[in-house]
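In: Provided below for reference: sequence and predicted model.
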Amino acid sequence: MARPASSPRRLALACAGLLLSAAVAASAATPHPTPATARVSPFTGHWVADLKGDGKQFSFDLDLLARGDTLTGTVEGSFTDQLFPVTRGRVRGNTITFQALGLWTGALSGGDLKLVRELDGGKKQNMTAHRKPAS
């Protein structure tokens, strides 16, 4: 018995299947950014800021993670063992804002992070944070 000739529809489906297979193979061969190769925000990392004033000295450890325009992390003051979560964290270009023990704003200046912490009563505290060396 003779085999029926291929219809135009079957030929079109076969071609579409081949094109789809080629597209999937090409996509698998194209490198995609991975966490190891993705660009890390300059705000991401461990920072230490010293604050002197009113006859007292404190330090703050900031552990920040910036992803896109969102900033998360924790803040710990030398006056407590408690970690305070970063909330409402935003990244806008070279500046950040977040809440944790007050309202913080900051901007990169060279390798440092210039910070202003505003307390509930409106008092503002200026400090400079430096990257904490890896331990």
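Out: Right, received. Where do you want to start? Numbering: from 1, shown residues only.
In: residue ranges with poor pLDDT in this protein?
Out: 1-38, 135 (pLDDT under 70).
In: which residues in this protein form helices?
Out: Here the chain has its helices, by DSSP state H, at 8-29.
In: max-length strand in it?
Out: Of all segments of type strand in the chain, defined using DSSP state E, the longest is strand 56-67.
In: So which bits of that strand are buried?
Out: Phe60, Asp61, Leu62, Asp63, Leu64, Leu65, Ala66 (16 or more other CB atoms under 10 Å). Just so you know, the C-beta spots here come from the backbone N, C-alpha and C atoms, and that holds for glycine as well.
In: Looking at the residues you listed, which is nearest Gly122?
Out: Phe60 (19.3 Å; CB to CB).
In: Now that closest one: closest residue in space, sequence neighbours ignored.
Out: Once flanking residues are discounted, Phe60 sits nearest to Ala49: 4.7 Å by CB to CB, 6 or more residues apart in numbering.
In: Give the burial count for the one you found, as a bare number.
Out: Residues lying near Ala49 (other CB atoms under 10 Å) number 24.
In: my read: it touches Asp112, true?
Out: No: counting by CB atoms under 8 Å, Asp112 is not a contact partner of Ala49; they are 9.4 Å apart.
In: Now list whatever residues contact both of these two.
Out: Thr128, Ala129, His130 (CB atoms under 8 Å, 6 or more residues apart in numbering).
In: From Lys52, how far out is the second one?
Out: It refers to Ala129. 14 Å (CB to CB, to the nearest Å).
In: Quick one: which of the shared contacts of Ala49 and Asp112 is the most crowded by neighbours?
Out: Neighbour max across these (other CB under 10 Å) = Ala129, 21 neighbours.
In: Who are the contact partners of that residue?
Out: Contacts of Ala129 (CB under 8 Å, 6+ apart): Trp47, Val48, Ala49, Phe60, Leu62, Gly106, Asp112, Leu113, Lys114, Leu115.
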